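# task: produce atomic coordinates for the following.
(2 chains)
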There are 2 protein chains.
Amino acid sequence: MESLGVVKHIFLAKFKADITPERIEEFIKTFGNLVTVIEPFKSLQWGEDISIENQQQGFTHVFECTFDNVEGLDAYLAHPAHVEFANQILPAVEKYIVIDYKPMRFV
Amino acid sequence: MESLGVVKHIFLAKFKADITPERIEEFIKTFGNLVTVIEPFKSLQWGEDISIENQQQGFTHVFECTFDNVEGLDAYLAHPAHVEFANQILPAVEKYIVIDYKPMRFV
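Coordinates of the predicted model:
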């Protein structure tokens, strides 16, 4: 097995019932724009839950952020543009999970 | 924005306190071996939680499985080797989340 040599930051969100799809789309655009604003933030992937196993515990969206290393993730977390975005999106979610890891894979 | 054209299957686990690191390593090896046994299962990435934000809700491990499409994910879920593995690992976890999505990204 080998390390991919990156750090992934997973954000699972359950948006509140009164948050419209249009507002969620705005959040996603703002989130994606952070990639251009915060240098160590390398890429954002996201999508809506499509699981049929009924073990998503109500979470509706996955966001996966990639960084070169832990220092990059720390710089992102502390960056004013990220703090501002967090202050916008967190009041719109009923619950969320943040989990970070250094992905390994079999080769 | 564009679709990556794949389906990702995220499994977050909180292992029970009495599950040893050695046993977790065995689970990971068995999980990784499914990539060679179940054709539509394209890759497995995993890692231990390293988040400093204290929003991981107790989850200790991330597993990210990639499939070409929903049909591939469905075939994996129904495959006897996956069912056997699920029957082994689930009794070892205190809680888990499964969430699937078709990742999009900005280009």
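
# longest helix anywhere in chain A?
As assigned by DSSP state H, the longest helix anywhere in chain A is helix A:21-37.

# can that one be found next to chain B?
Yes: residues of helix A:21-37 contacting chain B under CB under 8 Å from any CB of the partner chain: A:32, A:35. No exception for glycine: its C-beta is placed from N, CA and C like everyone else's.

# need phi/psi at residue A:10.
phi -100, psi 130 (degrees, to the nearest 10).

# so where do the helices sit in chain A?
Using DSSP H, helices in chain A cover A:21-37, A:70-78, A:80-89.

# what does the longest helix of chain A rub up against?
A:15, A:41-44, A:46, A:61, A:63, A:76, A:79, A:81-82, A:85, A:88-89, A:92, B:1, B:105-106 (CB atoms under 8 Å, 6 or more residues apart in numbering or on different chains).

# report the buried members of the residues you listed.
A:15, A:41, A:44, A:46, A:61, A:63, A:76, A:79, A:82, A:85, A:89, B:105-106 (16 or more other CB atoms under 10 Å in any protein chain shown).

# pLDDT check: weakest of the residues you listed?
The member of the buried ones among the contacts of helix A:21-37 with the lowest pLDDT is residue B:106, and it reads 82.

# how about it: what's its closest non-neighbour residue?
residue A:32 (4.3 Å; CB to CB, 6 or more residues apart in numbering or on different chains).

# the one you found: how many residues sit nearby?
Residue neighbour count, defined by other CB atoms under 10 Å in any protein chain shown, stands at 19 for residue A:32.

# pLDDT value on it, please?
Note for residue A:32: predicted pLDDT of 96.

# any idea how far it lies from residue A:97?
Distance, residue A:32 to residue A:97, using CB to CB, to the nearest Å: 20 Å.

# try residue A:37
Relative to residue A:97, residue A:37 is positioned 24 Å away (CB to CB).
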